[in-house]
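Engineer: below is the sequence, then the predicted model.
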Amino acid sequence: MSIFRSEKMSLYQLFLQNESAYRCMSELGELGCVEFRDLNSEATAFQRTFSAEVARCNEMERKLRYLEGQIVKEDIKIEELVDMPVAPLPKEMVDLEAALDKMESELREINVNAEALNKNFGSLTEMKLTLQNAENYLADRDGIFGVNETISAATAPEEGMAQLNMQRFRFVTGVVSTEKAQGFERMLWRAGRGNIYLRISPLAEPLKDPVTGNDVQKSVFIAFYQGEQLKGRVKKICEGYHAALYPCPESAGLRRETSVGVYSRLQDLTTILDQTKEHRHRVLVAAAKHLRTWIVKVRKIKGIFHTLNMLSVDVTSKALVAECWIPDADVYKVRLALKQGSEASDSAFPPILNELPTNAKPPTYFRTNKFTHGFQALVNAYGMANYREVNPGLYTIITFPFLFAVMFGDGGHAIIVTMFASWMCLNEEKLSKVKGEVFGIIFGGRYIILLMGIFSIYTGFIYNDFFAKAFNIFGSAWVVNYQSEGRPGEEYLIGEGSMESAMLVPDRHYDVCPNRTTTRGYDFDNATDFQSCGHYRQYPYPFGVDPVWVIAENKIVFLNSYKMKLSIILGVFHMSFGVFLNLWNFTYFKRRVSILLEFLPRILFFWPLFGYMMSLMFLKWIKYGANKEERVLKSDCAPSILITFINMMLLSYSEEKTRPPNEECKTVFMFGDDEGVTQKTLQIAFVLIAVLSVPVLLFGTPIQFKMKMNRMNKAKNNYSHSGSRGSSGHGDPADHEPIVNSTLHVESGGKHDVHDGHNGDYDQNQGSNDDDHNTFGDVMIYQAIHTIEYVLECISHTASYLRLWALSLAHSQLSEVLWFMVLRIGFKALPGYLGSITIFLTFGFWAGATVSILIAMEGMSAFLHTLRLHWVEFQSKFYKGEGVKFHAFHFKRVTDDAKDD
């Protein structure tokens, strides 16, 4: 059962022929149960055997990313994979590389041509708009160039031309970005000292940037000036502001001819651009059909060569040598996959797989399914389990949702949670394709949420709490006998008379009202007889909390006492279970000395103190009660368990400490004689047992380690003397050389095998202790720290379980606040249509607050507190979490929807 303990692992050596290595590795990638060790860790990436092939795969991945980016930019749907393609052969890799190179080259050429055409189209569009703007300003040529037209014909030609050149205005037209227009105008004014006349008009529609394709707001301008000096300044300023200048003839006829030519060229470019876009779209659609397949193929090829780079080349350079971890249960599958790969490649020599003896730390591997994966992920987030260590993930399946439910505890809210989780479980195939980090986390824990909801429904029935209301399913065990004023014994109706007390008193005097389950309908002579008949029917509510406590004044007092004791009881059992799981580890790894020196002191410290306190809680529930006939067994005579425990720890039994709350109670001791001799003796014995277990826990392991080291040193000295005597003869001293392994065991020759432990298991707990603390001082310090930590955490962790009560109380109180302060206002609304509107609004607010605060936020809070109880309080008793995760070579990781778990 690999969920209880990790899979048994063995180290194997694999010999592969060069011609069959690729196909064999492809078969192992499809199988996904082999972890390869890097035998070339000292070599750089460029010094490895298949570095050129990996570089080619990287180049193909770059081309595929480029194609994918272009497809996404064009908003073309990429077809999803139906069947996972197999890893292509090396010769198919050449064809795939050529196809990708051809497609990328074609697409880049199309993009370059399209960019050039778009630039030309944009320039012609700007020129068209510039001509239209200039026509608006230059239509009345006499108004602007009036001096040129009024020159007298009698003027001499030379004088007329000179006067024309002196008085004639010149102009430039162009387009500038609207963002720069204001600065552009200011710069022309300053550069021309007010002698440049500028007119700017923003375009009504934005223009497309030919490179980025984004919309750009631009403005057309026309600037008038005189002289060559101002002409140079204007052109330099236009270059500085990246303003595009376009020619504009002075003659209206020439402007019309130029405009006609621009329109004609724009129409031709529009046709060419449409054809280019259609061709580009066809290329991208063809690529989108096979893009996912190409990506998976390239990643599989890259994964194969990357794994082959971890293998070493033998001296003949004809075979590859690998070292790999394989689960014992999958060795047959691996041999079969290697055989299939060798036959597919027509290799003359089959692969050779040999098991290697080693004392290296094996990786940890748990087989999980979609149900257990989420719970195992919670444990792995704390730390990977040591090899063959007890896995808390199996028990987390039950304990995690149960402790969550104790804190959540509202059946109505739990039904909503269960419905949401059931929806995700029923539609998991469709929802697994939804992208999003937050939703992916929630979807991954859908089965955790489902169990949390189901367990919370159960605790909702226990607490009798559904949206802050209780259900009276079996009939309450209490009959509220409020008396009306002046009429004892009659049923009290709200609004009539006055109630003396709303406290539920269970006392019943059988001489006044024997065998009566209710006082209603009976006549009493006086109020004293009426009060003598309590409210309790003398038999409890069959299941869960009685619904009458919802309206009782002492509801909080009763439920707090109940939930606080319940939290301590659950905490003691939960932590004790963790200590006993540590016993299971010691037994499995045959660490019998650790059972005596670690497990027994821990359990003898914890149970005589906190187990005894838990027993007092059960005894108090059973022995004392308000309906008991004996006075000393009434509820007010029940001693305080907390005070009893404090007096027990302080050994304080003075007369003042043991005085009962009133004289009628007689004693504060819960069992034995009234003087408390039996209880005091038992408590003193429990305290002595707990105190005496601490030195055993503190000094036991270091002393055992010291004795072990002395035996090892003595054995090594004796063996060295025998070896020296043997070397003086004809024997080979190498045959008798002692081997000291990492776990400080001495073996007389031969090889050390990892399978010398329990049924072929590596005792990682033992190895970690002795490896990290190989001197007596180190072990002593290590054990002292852990002893102090255990003693203190027994107190703090027990108190930590009170969070079960605190969060349950907070959740129920918040639910009551929303009910009484929000929803009940709607029920008390005005009659008629206004009342229905008020109910609708208040219900909407109540429902939204319930889902967002009580279910989402309170649920997250309860989840985190439950996680802390498992990581700190539970797993710290037995779980080390110092293992190494098993990372198998698996093609599942290269698919788009695969997750590295």
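Structural biologist: Yes, it's here.

Engineer: and the helices in the stretch 301-450 of the chain?
Structural biologist: Here the stretch 301-450 of the chain has its helices, by DSSP state H, counting those that start in this stretch, at 331-344, 373-382, 393-408, 411-426, 428-431, 437-444, 446-463.

Engineer: packing partners for the last one?
Structural biologist: The reference is to helix 446-463. helix 373-382, helix 393-408, helix 411-426 (3 or more Cβ pairs under 8 Å, 6 or more residues apart in numbering; DSSP states H and E). From N, CA and C alone the C-beta is placed, and that goes for glycine too.

Engineer: which other residues reach that helix?
Structural biologist: Helix 446-463 is contacted by residues 370-371, 374-375, 378, 397, 400-402, 404-406, 408-422, 424-425, 428, 442, 466, 543-545, 808, 812, 859, 863 when judged by Cβ atoms under 8 Å, 6 or more residues apart in numbering.

Engineer: likewise for the second one?
Structural biologist: With Cβ under 8 Å, 6+ apart as the test, helix 373-382 has contacts from 3, 366, 368, 385, 391-393, 396-397, 400, 444-448, 867, 870-871, 875, 879, 881, 885, 901.

Engineer: of those, grab the buried ones for PyMOL.
Structural biologist: Buried subset of the contacts of helix 373-382, written as a PyMOL selection, criterion 16 or more other Cβ atoms under 10 Å:
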select buried, resi 3+366+368+385+391+392+393+396+397+400+444+445+446+447+448+867+870+871+875+879+881
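
Engineer: okay, now Trp549: neighbour count?
Structural biologist: If you count neighbours by other Cβ atoms under 10 Å, Trp549 ends up with 20.

Engineer: my guess is it meets Lys555, correct?
Structural biologist: Yes: counting by Cβ atoms under 8 Å, Lys555 is a contact partner of Trp549 at 4.9 Å.

Engineer: low-confidence regions, the stretch 601-750 of the chain specifically.
Structural biologist: Low-confidence segments of the stretch 601-750 of the chain, defined by pLDDT under 70: 721-750.

Engineer: mind listing the helices for it?
Structural biologist: 612-623, 641-650, 677-728.

Engineer: mind checking which of those helices is nearest Glu598?
Structural biologist: helix 677-728 (6.7 Å; Cβ to Cβ).

Engineer: mind giving me the packing neighbours of the closest one?
Structural biologist: helix 600-606, helix 641-650, strand 738-740, strand 746-748, helix 776-800.

Engineer: show me the contacts for Ser422.
Structural biologist: Per Cβ under 8 Å, 6+ apart, neighbours of Ser422: Leu450.

Engineer: ok so, going back, mean neighbour count, the helices and strands packed on helix 677-728: which tops it?
Structural biologist: Among the helices and strands packed on helix 677-728, ranked by average contacts under mean count of other Cβ atoms under 10 Å, first place goes to helix 600-606 (a mean of 20).

Engineer: what does that helix contact?
Structural biologist: 575-576, 579-580, 582, 689-690, 693-694, 696-697, 700, 790-791, 794, 877.

Engineer: what does stretch 96-109 give?
Structural biologist: For stretch 96-109, the surrounding residues in contact (Cβ under 8 Å, 6+ apart) are 56, 59-60, 63-64, 66-67, 70, 88, 280, 283-284, 287, 294, 297-298.

Engineer: just the buried ones from those residues?
Structural biologist: Neighbour counting by 16+ other Cβ under 10 Å classes 56, 60, 63-64, 67, 70, 88, 280, 283-284, 287, 294, 297-298 among the contacts of stretch 96-109 as buried.

Engineer: any chance of TSV for those residues, columns pLDDT?
Structural biologist: Listed next are the buried ones among the contacts of stretch 96-109 as TSV, based on pLDDT from 0 to 100:
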residue	pLDDT
Arg56	92
Met60	94
Lys63	93
Leu64	93
Leu67	93
Gln70	91
Pro88	88
Arg280	91
Val283	91
Leu284	92
Ala287	91
Trp294	92
Lys297	92
Val298	93
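
Engineer: how about those, which pair is most distant?
Structural biologist: Across those (Cβ to Cβ), the longest gap, 27.7 Å, separates Pro88 and Arg280.

Engineer: Val438: which of the buried ones among the contacts of stretch 96-109 is nearest?
Structural biologist: Using Cβ to Cβ, the buried ones among the contacts of stretch 96-109 come closest to Val438 at Leu64, 28.1 Å.

Engineer: leaving out sequence neighbours, find the closest residue to that closest one.
Structural biologist: Spatial nearest neighbour of Leu64, excluding adjacent residues (Cβ to Cβ, 6 or more residues apart in numbering): Ile295 at 5.5 Å.

Engineer: swap in Trp621?
Structural biologist: Counting by Cβ to Cβ, 6+ apart, Trp621 lies nearest to Lys565, which is 7.8 Å off, once chain neighbours are set aside.

Engineer: contacting residues for the one you found?
Structural biologist: Contacts of Lys565 by Cβ under 8 Å, 6+ apart are Met617, Trp621, Ile641.

Engineer: show me where the protein has strands.
Structural biologist: Per DSSP state E, the chain carries strands over the ranges 9-17, 35-36, 170-177, 197-202, 207-208, 215-216, 218-225, 244-246, 312-313, 319-327, 352-356, 738-740, 746-748.

Engineer: ok, now how distant is the residue nearest to Leu64 from Gly475?
Structural biologist: Ile295 is 66 Å from Gly475, where distance means Cβ to Cβ, to the nearest Å.

Engineer: the two: which is more packed in?
Structural biologist: Using other Cβ under 10 Å as the criterion, Ile295 and Gly475 rank with Ile295 on top: 22 against 11.

Engineer: and the more buried one, how close does it get to Leu28?
Structural biologist: Ile295 sits at a distance of 21 Å from Leu28 (criterion: Cβ to Cβ).

Engineer: just for the chain, where's the confidence low?
Structural biologist: Scanning the chain for pLDDT under 70 picks out 1, 139-168, 317, 480-534, 721-774, 829-830, 894-901.

Engineer: for stretch 81-93, measure first residue to last.
Structural biologist: Taking Cα to Cα, to the nearest Å as the measure, stretch 81-93 stretches 20 Å from start to finish.

Engineer: which positions within that stretch qualify as buried?
Structural biologist: Across stretch 81-93, burial judged by 16+ other Cβ under 10 Å covers Ala87, Pro88, Met93.

Engineer: try stretch 328-342
Structural biologist: Asp330, Val331, Lys333, Val334, Ala337, Leu338, Gln340, Gly341, Ser342.

Engineer: a markdown table for the helices of the stretch 601-750 of the chain, including distance to Lys590?
Structural biologist: Shown next, in a markdown table, are these (distance: least, Cβ to Cβ, whole Å):
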| stretch | distance to Lys590 |
| --- | --- |
| helix 612-623 | 32 |
| helix 641-650 | 37 |
| helix 677-728 | 15 |
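
Engineer: spatially central, which residue of this structure would that be?
Structural biologist: Ile441 (5.3 Å; Cα atoms, centre = their mean).

Engineer: give me the distance between it and Phe863.
Structural biologist: According to Cβ to Cβ, Ile441 stands 12 Å off from Phe863.
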